[in-house]
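J.: got a sequence here, can you build the structure:
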Amino acid sequence: MMLAPIRDWGVQILMYHSIADNPQDPHAVHPEAFAKDMEELGHHSYQVISLEEAIARIRQWQRLARTVVLTFDDAYKDFIENAVPVLKKHGFTATLFAPTGLLGGTAVWDTYDKSKQLMTWDELREVQRLGFNVASHTVSHLRLRLCDGQRLDQELRGSLDALREGLPEVVPVLAYPGGHCSSPVVAAVRRAGYVAAVGTASRWPNYPWTNPYRLRRRRWKT
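T.: Numbers count the residues shown, from 1 in each chain. From the prediction side, this is the model:
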């Protein structure tokens, strides 16, 4: 895993999905590879901070060299089994983005492997108790650009309301399913009460001048 030069001002947000040995899923990261990623972060003395803290620092125009945020989309059950022990070993925090209407089921939206198990609400609460943050990945993991105004509002507000009802604490940040958004979607996200939103697959870090509703993330591999 190669990160931007240490002189860079921006915070880098890393994006993971499933942490499992799953040849069917090209987005899955093998547990051994994930452990090596985290070893590298620790070896090179990167500061791993929460997404909330990163957003606050960006707003305050603070220098963010050697700073990394870890995020995990979809709230897969294998996060508990394969990621939590490694993250706890290094003292790293992370944010999970959960599709609230699908918890306790499987990844029905997935093109490659629809059988992947998602956490239950109880498991999500346990993960939060262990020190990890939870944020929104909409209700149904739909491509938001394809939703009409009413459905878009339901996906955004419904997810945030469910998280606030089901968890002690909620990070009011959205991860766009598939990383897809548009100007109307961004406007709807803002109206729904989110303070920021993250996309996918960009090598660029995030700076104080980055739009908080278009925060950039990069995949685990180059």
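J.: and the spatially closest residue to residue 196 that is not a sequence neighbour, backbone torsions?
T.: Nearest residue to residue 196, sequence neighbours excluded (C-beta to C-beta, 6 or more residues apart in numbering): residue 212, at 4.1 Å. Just so you know, the C-beta spots here come from the backbone N, C-alpha and C atoms, and that holds for glycine as well. Torsion angles at residue 212 (phi, psi; degrees, to the nearest 10) stand at phi -60, psi -20.
J.: residue 195 versus residue 212, what's the distance?
T.: 7 Å (C-beta to C-beta, to the nearest Å).
J.: quick revisit: and the residue nearest to residue 196, what does it touch?
T.: By C-beta atoms under 8 Å, 6 or more residues apart in numbering, the contact set of residue 212 is 55, 58, 59, 195, 196, 197.
J.: pick out the most distant pair among those residues.
T.: Based on C-beta to C-beta, the longest span within the contacts of residue 212 runs between 59 and 197 and measures 14.6 Å.
J.: which of the two has more neighbours?
T.: Legend: neighbour count by other C-beta atoms under 10 Å for residue 59 and residue 197, higher for residue 197 (24 against 12).
J.: so that one makes contact with residue 175?
T.: Yes - with contact defined as C-beta atoms under 8 Å, residue 197 counts as touching residue 175 (7.1 Å).
J.: ok, which stretches of this structure are strands?
T.: Along the chain, counting by DSSP state E, strands occupy 12-16, 47-48, 67-73, 95-98, 133-136, 173-175, 196-198, 217-219.
J.: hmm, back to that, which residues are in contact with both of residue 212 and residue 195?
T.: Shared contacts of residue 212 and residue 195 (C-beta under 8 Å, 6+ apart): residue 55.
J.: where's the closest residue to residue 176 other than its chain neighbours relative to residue 116, distance?
T.: Leaving aside its chain neighbours, residue 176 sits nearest to residue 199 (5.6 Å; criterion: C-beta to C-beta, 6+ apart). Applying C-beta to C-beta, the value for residue 199 to residue 116 is 22 Å.
J.: same deal with residue 146?
T.: For residue 146, the distance to residue 116 - C-beta to C-beta - is 23 Å.
J.: the more surrounded of those two?
T.: residue 116 (23 against 10).
J.: quick check: pLDDT value at the more buried one.
T.: For residue 116, the model assigns a pLDDT of 97.
J.: then the one 5 residues further on?
T.: Reading off the confidence values, residue 121 has pLDDT 98.
J.: that one and residue 163, how far apart?
T.: 10 Å.
J.: which one of those two is surrounded by more residues?
T.: Between residue 121 and residue 163, counted using other C-beta under 10 Å, the more crowded position is residue 163 (21 against 17).
J.: so who does the more buried one touch?
T.: 98, 100, 134, 135, 136, 170.
J.: just give the nearest non-adjacent residue to the residue nearest the centre of the chain, would you?
T.: Centroid-nearest residue in the chain: residue 71, 3.6 Å away (criterion: C-alpha atoms, centre = their mean). In this structure, residue 71 finds its nearest non-sequential neighbour in residue 95, 5.0 Å apart by C-beta to C-beta, 6+ apart.
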